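> Predicted model follows, preceded by the sequence.
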Amino acid sequence: MFRILYRFLSALARLAVRSGRSKDLEIIVLRHQLTVLRRQTERPAIDDTDRTLLGAIAAALPHRLRQGWIVTPETLLRWHRRRLARHWTQPSRRPGRPSTAATIRTLVVELATNNPTWGYRRIAAELNRLGHRIGASTVWRILKQHGIDPAPNRSDVTWTEFLRSQSAVACDFATIDTAFLRRYYLLFFIDVTTREVFYAGITANPTGPWTIQAARNLILRHGDLLDGARALVRDRGSQFVDSFDEIFRTEGLKILRTPVRTPVANTFAERWIGTLRRELLDRTIIWNQHQLERLIADYIAHYNEHRPHRSLDPQPPRPATPDQPAPVAEPSLRVVRTTRCDGLINEYRNAA
């Protein structure tokens, strides 16, 4: 049947060509191609050029010859109405004041960031003094869009900022349990500014006399490193007796006691305890005090001399060679690894 139909269509095509109806045959083929394309694309993409051409041809053709078009008469009418509306509509300006330039917005945010005591009116006055005419309400809106409080209460100093400004030293006890369920107490001090940790001692009974002697030993060993400190932060534990505080008062330090049951007030010490547990204590078993003292001393040396700190860009608190920048390792250089704390911590250096 397909062969018979093919031969019939071929004969019809030859007859059409001989009779001069090749154009009609071409139209039939084009309409069939259009039908095939409609099966593949539900809604064709039409630009302004296509709309202009189809609209001009539709104006010249009668309705009966528009059968099979990819657009309907309703679509042609909608295009015409849109064209008329676009032609006669005047360009409108957005209501209200013109938008603030991006450079002015950036300057507003910069002034608010660099001057936390300035409110939005103070910032607007400063900009007007610089020749930028801008209203206080506009400054208020820009600051709110950037998540900045327009009121001057942005100047409230946080506890962390206060401790850094005081060059404070924080101290605390870290509890460590051995394999035989014996608990030891590690007393340490940490410089808030440099993040350097000072080892004060380990004991099973942290009494008042013991903490007093630990404070004296700390001053004897590291007194020169604590010269710039002006405050000591500690909790309200019973181990810190008045004689303990008096030792640091004689060195010129002010005692800052944290509120009751508020470990966040001693955040630097608490954070170091968490680091100690994650990097050392949670990865090994402590058997006796001698092993604990050796591991803690080795870890503090690693923490102060090698471990990078993000707040120090990122450098250790006490680099081995502070006057010379560390060389940048290239892929061709050989790296040497050394271990600390019985192989639990690795340190890497460039080979000589």
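It's in. Numbering: from 1, shown residues only.
> Count the residues that sit near R249.
A count of nearby residues for R249, using other Cβ atoms under 10 Å, gives 12. Bear in mind the C-beta positions are built from the backbone N, C-alpha and C, glycine included.
> show me what contacts the closest residue to it other than its chain neighbours?
Counting by Cβ to Cβ, 6 or more residues apart in numbering, R249 lies nearest to I255, which is 6.8 Å off, once chain neighbours are set aside. Applying Cβ atoms under 8 Å, 6 or more residues apart in numbering to I255 gives the contacts 231-232, 234, 245, 248-249.
> Go again with 7 Å.
232, 245, 248-249 (Cβ atoms under 7 Å, 6 or more residues apart in numbering).
> and it, what element?
strand 254-257 (DSSP states H and E).
> strands paired with that strand, and their directions?
strand 231-234 (parallel) (DSSP bridges).
> Moving C-terminal from the strand it pairs with, which element do we reach first?
Past strand 231-234, the next helix or strand by DSSP H and E is helix 242-250.
> circling back to that earlier point, let's have the contacts of I255 in TSV, adding distance to A124 and pLDDT.
What follows is the contacts of I255, written out as TSV (distance: Cβ to Cβ, whole Å; pLDDT from 0 to 100):
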residue	distance to A124	pLDDT
L232	43	92
D245	48	94
F248	47	94
R249	47	93
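> Output the residues you listed as JSON lines; include the columns distance to H306.
JSON lines is the format used below for the contacts of I255 (distance: Cβ to Cβ, whole Å):
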{"residue": "L232", "distance to H306": "27"}
{"residue": "D245", "distance to H306": "33"}
{"residue": "F248", "distance to H306": "29"}
{"residue": "R249", "distance to H306": "34"}
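> If any of those residues are buried, put those into a ChimeraX selection.
Selection of buried members from the contacts of I255 for ChimeraX, criterion 16 or more other Cβ atoms under 10 Å:
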select :232,245,248
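> Please determine how far the spatially closest residue to V264 that is not a sequence neighbour is located from V335.
Setting aside the residues directly before and after it, V264 is nearest to E270 in space (Cβ to Cβ, 6+ apart), at 7.4 Å. E270 sits 34 Å away from V335, going by Cβ to Cβ, to the nearest Å.
> more crowded one of those two?
Neighbours per residue, other Cβ under 10 Å: of E270 and V335, the larger number sits with E270, 16 against 9.
> ok, the more buried one to I255 distance?
18 Å.
> Also Q213?
For Q213, the distance to I255 - Cβ to Cβ - is 18 Å.
> I figured N304 hits P316, correct?
Yes. With contact defined as Cβ atoms under 7 Å, N304 reaches P316; the gap is 6.3 Å.
> Name the residues contacting each of these two.
Contacts common to N304 and P316, judged by Cβ under 7 Å, 6+ apart, are absent.
> What are the boundaries of the helices in the chain?
For the chain, applying DSSP state H gives helices covering 2-18, 22-40, 48-60, 73-88, 102-114, 120-129, 136-145, 159-165, 208-222, 242-250, 267-279, 289-305.
> Which one of the ones you listed lies nearest to Y348?
Among the helices of the chain, the nearest to Y348 by Cβ to Cβ is helix 289-305 (12.1 Å).
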